[in-house]
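Asker: sequence first, then the predicted structure:
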2 protein chains.
Amino acid sequence: MDYSPALMTDMYEYTMLDACLKDGTADRKCVFEVFTRHLPAGRRYGVVAGTGRILDALERFHLDDEDLRFLADRHVVSPETIKWLEDFHFSGSIKGYREGEMFFPNSPILEIEGTFGECTLLETLVLSILNYDSAVASAASRMVSAAKDRPCMDMGGRRTNEWSAVAAARAAVVGGFKGTANLLAAQMYGLKAIGTAAHCFTLVHDSERQAFESQIAALGKNTTLLVDTYNIEEAVKTAVEVAGPELGGVRIDSGDLALMAQRVRNQLDALGATNTKITVTNDLDEYALAALQTAPVDSYGVGTMLVTGSGAPTCAMVYKLTEREGADGTMQTVAKKSKNKATVPGRKLAYRSYEYNLADVEHVVSGSEDQLAAFTPEEGWKDLLVPFVDHGEIDHQWQGHDAIVNAHKYRAKALAELPIAAQSLMRGDPVIPTEITVL
Amino acid sequence: MDYSPALMTDMYEYTMLDACLKDGTADRKCVFEVFTRHLPAGRRYGVVAGTGRILDALERFHLDDEDLRFLADRHVVSPETIKWLEDFHFSGSIKGYREGEMFFPNSPILEIEGTFGECTLLETLVLSILNYDSAVASAASRMVSAAKDRPCMDMGGRRTNEWSAVAAARAAVVGGFKGTANLLAAQMYGLKAIGTAAHCFTLVHDSERQAFESQIAALGKNTTLLVDTYNIEEAVKTAVEVAGPELGGVRIDSGDLALMAQRVRNQLDALGATNTKITVTNDLDEYALAALQTAPVDSYGVGTMLVTGSGAPTCAMVYKLTEREGADGTMQTVAKKSKNKATVPGRKLAYRSYEYNLADVEHVVSGSEDQLAAFTPEEGWKDLLVPFVDHGEIDHQWQGHDAIVNAHKYRAKALAELPIAAQSLMRGDPVIPTEITVL
C-alpha cells in the first residue's frame, strides 16, 4: 500500500498538463488561490486545518514506474509528458493561513505559485485535504466552545472512511480537542490516545462484575468503566465495589445523558467516589454539548458529528487561477466570469484589523506582485499569510507533532480575539466582514 | 506510507484484548454483527458497499515491529499481548450481504465469527469502511435512479479526504455510477477514468480559442470542452469552429443548468454539431438530477453530494456482540439493554421474500447455531448472506475489479426487484418492512 499522492487527483489535471506541455503554456508562471465563497449555512467562522498534511504529501509527491506505466497504458498523457513526469518535483512556493487560524468567505487560505504544469497537478490533492480537515476542525472548534472547560475527545473513527478517521483525529486536535481514540493518528502525529471499553467487553464476560474486575486488573483503578450495558445504577454500584472510591471514571453511552449524569454523580458521591469522573458519549454535537452545560459531566467523547463536520462535511473550497504569465512574459491577472462563480483576480494579501483588542475586519488585498509589494497595511493589522514552501523548500516547522500543538494553541488565542458572537451557536453571518480591496 | 490497517482502530480494542488475554476470555468463540438501527431520515433503502475493501484490509492486517513498539512504548498493552500480536492473523469466518445488495434497518450486513480477541480488533476498521462506502453507494444509487438512462460520473474527490475520494469512486460504481475522475481509484480498481478540462486551462491560455485548439490537439475532437469560463454562447461557437461538428462534448459548470443545456443544445444543433454531447456539473444531487430530466443533457458529473452521501455521510452501522462462548464452553446469545440501543441477540439468517416478483419483506431470523441450521425458509425466499471468509480463507471473488463490476450489475437487478417506491425521492419509511423472528 505504498501509494504516492501523485495519482490522488482528477484525470483532467494530467490531460491538461499534457496539452499545455505541447503548446508551451505548461511553463507559464502561475498563481493559484484556495478559498471558499461561503461558510456552511449559519456558521460564524471556519478553522483552517490540513496544511501540514499538504506539506507531508508534497514531500512524497512523485510518480513511480507503476504510476507512469498506468498513465501511459491508459493513454492519459503522451510519451513526452511521461518523460516530464519522471523526475517531477514541485519547485514552486506556497503561503497561506496557518493551521488553527480562522477563515471567512474569500479568505486566501492557500496561495500556490509555480509553473502551470506543476501547480495544476496539486489541485485535487490540496482541496481534498483542506476541505475535509478544515470541516472537521471547524466543527471541533464549535464543540470545544460549547463544552467550555471540559475536554472533548475524538471517538469518531468508525463513522468515517478509515483514512479520514486519521485525518479527523489530527484536525480535531487543531480545532481544540484534547485527544483521540484512533491509534494510527496517535502513532503518526504523536497525539494523546484515550479509551474506555465497549459493551462487547462486558458481554463477553459472564457478568458485569467480572468484566469490571478484568479491566481493573489490566488497566488499574484509574481506568474508565462503561456502565450502561444493563442497568446503570447497578453497574455504578458494582464499579465502586470492584475498584473502590479510587475508580478513575465511568462512561455513559445511552439514554438521557444529563439526567443520567446527575443521578450517577449523586450515586458516586454517596458511595464516596467523589473524584470519579463522568464521561458521556452518544451522538454528541455542539448543541448537545451546550445543553449539557449544567450536567455534572467531566469529559466528552464525540464521534459521528465530529468526523462528518457536524452537518458540513466539506468546506467548499476551490482552487482558482488568479494570475499567469502571458505570451509576452509579463504577469497578468485573470478571472473566470461564470455565473455566481466569478473570482477576484490577482494574488492576495490578507490581514485582520482590530478595535478594542477584538477583530473587526478581514482585509483581502488583491493586485499584481508589484502593487502588493508596495502596499503598506495599517498599524496593528495582523498579517495572516505565512510562508510554507519557498521555491520547493518546505519549512518543516509546519509539519509533525509540534505543528499540531502550535495550531491547537493558536486556535484558542485567535478565537479569543474574535467578537464573542463567534462562539455563540446562534446562526448568523460571518462574525467579521471580509473587505476586498482591488489595487 | 506503508501502513497496515492494524492500527486503524480505537485504542480500546487493544486494551480490551489485553484484559481478555489476561482473564482468558480472549479465546472465547464469539459472533459479532454489523447492522444499522435506522436508515438516514426519509430514505427508502440503502446499498451495501465496502465489503471487498474489508477483505483487502484483512489480507494486510498485521502489526510490524514499529506498530508493536508503539503499543509497547505507550503501554497500550502488556508484553504478553505484544507477543500474541506478533503473528496475529484473523482465523475466523465472515459472511454477509454482498456489495450492491439493498439493506434496511436491522439487516445483518456482516457477521464476524471468531475468538473475542481477533474479532474485537476489527471493529473500527470494519465500521469505517462499511459506514462510509455504503453511505456513498446509497447516495449514488438514488442519483442514478434520478438520472434515468443518463450516465453519472464521480467528480467529487476534491470535496472529501484524499483516501475517501478513492473509496468513494469505488462505492459510486457499486451504486450505479459509470466512472470516476479519480486516477488512483482507476488504477487500484480498474475503473473507467473520465475528464474534461478546468477553468484554469482556459485561463492560462491567451484566449479561449487557443485553449480549445490546444485541448483538441492533445486529446482529439472527441474531447469535452468546458464552455462557461467567460460567455457560454461565444464559447460554444468557438468550440464548433475549432473542432468542427465532430466535437465530442461540451461541459457546463455554472448557472441555470436546464436553461443553459437547452440553449446550448439548440445552438449546437444549429451549428450542425448534432452529435456533440452535453455534460453538466455543479453541485448536483438526486433532486437536481430529477429536476433536469426534461433538459437535453447527456451525462452528469457529480461531486460534493456524492462523496458526502448526499446529506447522510455515514450509515450509523454498529458492530455488536450477539453470541459468545460461556464459561462452560457452550455458546450463549447475549445482548446489551442500553436505552434505545438494545440489540437482537443471537446470530442471524436473512432472506427477502417476494410477491408478484416484487420484494415484500426482509426476514431476519435470529437464534442459536443449531436453531438456525434447522430453520427452513419458505419457497422463493432469497438468501441474502454469502460467505466471504471461511476460517481465515478469503474468497477472492469478492475483491478487485470483477467484484465491483458484479456489484454494479447486481445493484441494478436487486433495485428492479424492489417496489418502485424505492426509486422515488419522496421521503418515507423503508420500502419493505423488516420482520425479525427470534427462534
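Answerer: On my side now, so go ahead. Numbering: from 1, shown residues only, chains lettered A, B, ... in the order given.
Asker: so A:K336 touches B:A198, yeah?
Answerer: No - in terms of CB atoms under 8 Å, A:K336 does not count as a neighbour of B:A198; the distance is 9.7 Å. (C-beta placed from N, C-alpha, C; glycine too.)
Asker: beta partners for the closest residue to A:V344 other than its chain neighbours?
Answerer: Once flanking residues are discounted, A:V344 sits nearest to A:S366: 5.3 Å by CB to CB, 6 or more residues apart in numbering or on different chains. Beta bridges link A:S366 to A:K348, A:V438, judged by DSSP bridges.
Asker: got it, and A:E323?
Answerer: A:V31, A:T333.
Asker: still on that earlier bit, which residues touch the residue nearest to A:V344?
Answerer: A:T322, A:T333, A:V344, A:P345, A:G346, A:R347, A:K348, A:I436, A:T437, A:V438, A:L439 (CB atoms under 8 Å, 6 or more residues apart in numbering or on different chains).
Asker: same check on A:R159?
Answerer: Contacts of A:R159 (CB under 8 Å, 6+ apart): A:G303, A:T304, A:V307, A:T308, B:L127, B:S128, B:N131, B:T314, B:A316.
Asker: pLDDT score for the fifth one?
Answerer: It refers to B:L127. Note for B:L127: predicted pLDDT of 98.
Asker: pretty sure it contacts A:T160?
Answerer: No - assessed by CB under 8 Å, B:L127 is found out of contact with A:T160, at 9.6 Å.
Asker: higher neighbour count, the two?
Answerer: The neighbour count for B:L127 versus A:T160, taken as other CB atoms under 10 Å in any protein chain shown, is higher for A:T160 (31 against 28).
Asker: just checking, the more buried one touches B:D133?
Answerer: No - using CB under 8 Å, A:T160 is not in contact with B:D133, being 10.8 Å away.
Asker: show me the helices in the stretch 1-150 of chain A, by range?
Answerer: Here the stretch 1-150 of chain A has its helices, by DSSP state H, counting those that start in this stretch, at A:11-23, A:51-59, A:65-73, A:79-86, A:116-120, A:123-146.
Asker: contacts only, for A:A421.
Answerer: Counting by CB under 8 Å, 6+ apart, A:A421 makes contact with A:R44, A:G428, A:V431.
Asker: count of residues packed around the residue lying closest to A:W163 once chain neighbours are set aside?
Answerer: Leaving aside its sequence neighbours, A:W163 sits nearest to B:W163 (CB to CB, 6+ apart; 3.4 Å). As a burial measure, B:W163 scores 22 neighbours (other CB under 10 Å).
Asker: pretty sure B:W163 is in a strand, no?
Answerer: No - with DSSP: H, G, I helix; E, B strand; the rest coil as the criterion, B:W163 is located in helix rather than a strand.
Asker: so for it, what's the pLDDT?
Answerer: Reported pLDDT for B:W163: 97.
Asker: likewise A:D2?
Answerer: Taking A:D2 on its own, its pLDDT is 65.
Asker: ok, the one 4 residues further on next?
Answerer: The predicted local confidence for A:A6 comes out at a pLDDT of 95.
Asker: tell me, how many residues neighbour it?
Answerer: Neighbourhood size, A:A6 [other CB under 10 Å]: 23.
Asker: ok, it to chain B distance?
Answerer: Per CB to the nearest CB, to the nearest Å, A:A6 is found 9 Å from chain B.
Asker: touching, that residue and A:L68? I think so.
Answerer: No - contact criterion CB under 8 Å: A:A6 and A:L68 do not qualify, at 9.7 Å.
Asker: now the residue most central in space within chain A: how far from A:E369?
Answerer: With distances taken as CA atoms, centre = their mean, A:D133 lies nearest the centre of chain A, 2.8 Å away. Distance, A:D133 to A:E369, using CB to CB, to the nearest Å: 29 Å.
Asker: ok, A:V34 next?
Answerer: Relative to A:E369, A:V34 is positioned 19 Å away (CB to CB).
Asker: which residue ranges make up the domains of chain A?
Answerer: As given by automatic domain parsing, the domain ranges for chain A are A:5-137+A:312-438, A:196-282.
Asker: Three-state assignment for A:V364, please.
Answerer: strand.
Asker: thought it was touching A:E435?
Answerer: Yes - using CB under 8 Å, A:V364 makes contact with A:E435 at a distance of 7.1 Å.
Asker: for the spatially closest residue to A:S78 that is not a sequence neighbour, give me its contacts.
Answerer: Nearest non-adjacent residue to A:S78, counting by CB to CB, 6+ apart: A:D18, 5.7 Å away. The neighbourhood of A:D18, defined by CB under 8 Å, 6+ apart, consists of A:V76, A:V77, A:S78, A:T81, B:A218, B:L219.
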